[in-house]
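> build me a model:
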Amino acid sequence: MGAGLFEEHLLTFELSLSDGVVRMQTHDASSLT
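Sure thing, here's the model as predicted:
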């Protein structure tokens, strides 16, 4: 039960992390043009 909660938290962290990377990439692309 605790492990499942930890995995869910880790998945949420990875999702938010990748979302931040995508935002940074799109920001870089928009600032380049």
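> only C-alpha atoms for contact and neighbour calcs from this point on.
OK.
> quick check: mean pLDDT across stretch 25-33?
Stretch 25-33 shows a mean pLDDT of 76.
> what do you get for stretch 4-13?
91.
> how many residues are close by A3?
8 (other CA atoms under 10 Å).
> pLDDT wise, what is the residue sitting nearest the centre point of the chain at?
By CA atoms, centre = their mean, the chain has its centre lying nearest to L17, at 2.2 Å. L17 carries a pLDDT value of 91.
> quick one: distance of the host helix or strand of it to the chain centre.
Assigned by DSSP states H and E, L17 falls within helix 2-32. Chain-centre distance of helix 2-32: 0 Å, with CA atoms, centre = their mean, to the nearest Å.
> could we number from 53 for the rest of this?
Right, with 53 as the first residue, what we last looked at is helix 54-84.
> sorry, back to before: quick check: the residue nearest to the centre of the chain vs G54, distance?
With the distance defined as CA to CA, to the nearest Å, L69 ends up 22 Å from G54.
> before we move on, what about V73?
Separation of V73 from G54 (CA to CA) stands at 29 Å.
> more neighbours: which of those two?
Neighbours per residue (other CA under 10 Å) separate V73 from G54, with V73 holding more: 12 against 7.
> look at the more buried one and report its pLDDT.
87.
> what's the spacing between R75 and S68?
10 Å.
> what's the burial count for T78?
12.
> next: L63.
Neighbour number of L63 under other CA under 10 Å is 12.
> how about M76?
12.
> same check, this time on F58
Residues near F58, counting by other CA under 10 Å: 11.
> A81: neighbouring residues, count only.
Neighbours of A81 using other CA under 10 Å come to 10.
> check S83 too.
S83, neighbours per other CA under 10 Å, totals 8.
> now it: how far from M76?
For S83, the distance to M76 - CA to CA - is 10 Å.
> L63 now?
Taken as CA to CA, the span from L63 to M76 is 20 Å.
> could you do S70 as well?
S70 is 10 Å from M76, by CA to CA.
> same check, this time on E59
Distance, E59 to M76, by CA to CA: 26 Å.
> what of S82?
Relative to M76, and taking CA to CA, S82 is found at 10 Å.
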